[in-house]
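1. Could you work out the structure for the sequence below:
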Amino acid sequence: MNVLLLMVFIGVVLVLFFVALFLRDVTDPRGSSERDALLPLSGEEPRTFEKGHRKSAQRPRHSYDQ
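-> All right, here's what the predicted structure looks like:
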């Protein structure tokens, strides 16, 4: 019975620890590096693609490719 109580206590402590880390990351006024990594650079314009007309990455054509 003591082992079960110890495991429940450790589980609750771990859950509270990760909830606290999550809340600290969400409420951080400086922002997080994960969110900043998703933002475009200051000089970049976002690219838009029309539906069905997305260009695929093409290699330059050379005479030996034919």
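2. quick one: the helices in the chain?
-> Secondary structure of the chain (DSSP state H): helices located at 2-26, 33-38.
3. Can you tell me which of those is most buried?
-> When you average the neighbours per residue for each of the helices of the chain (mean count of other Cβ atoms under 10 Å), helix 2-26 leads with a mean of 10. In short, each C-beta sits where N, CA and C put it, glycine included.
4. State the mean pLDDT of it.
-> The average pLDDT within helix 2-26 is 94.
5. What score does residue 54 have for pLDDT?
-> For residue 54, pLDDT reads 53.
6. and what of residue 30?
-> You'll see residue 30 listed with a pLDDT of 72.
7. next one: residue 60
-> So residue 60 comes in at 58 (pLDDT).
8. still on that earlier bit, output the helices of the chain in TSV; the columns should cover distance to residue 47.
-> Formatted as TSV, those follow (distance: least, Cβ to Cβ, whole Å):
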stretch	distance to residue 47
helix 2-26	29
helix 33-38	15
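9. Between the ones you listed, which one is closest to residue 48.
-> Residue 48 lies closest to helix 33-38 among these, at 16.9 Å (Cβ to Cβ).
10. now residue 13: how far from residue 21?
-> 13 Å (Cβ to Cβ, to the nearest Å).
11. circling back to that earlier point, which one of the helices of the chain lies closest to residue 50?
-> Closest of these to residue 50 is helix 33-38, at 22.9 Å (criterion: Cβ to Cβ).
12. what about the closest one, average pLDDT?
-> Here the average pLDDT along helix 33-38 is 70.
13. re earlier: what's the closest of the helices of the chain to residue 49?
-> helix 33-38 (18.0 Å).
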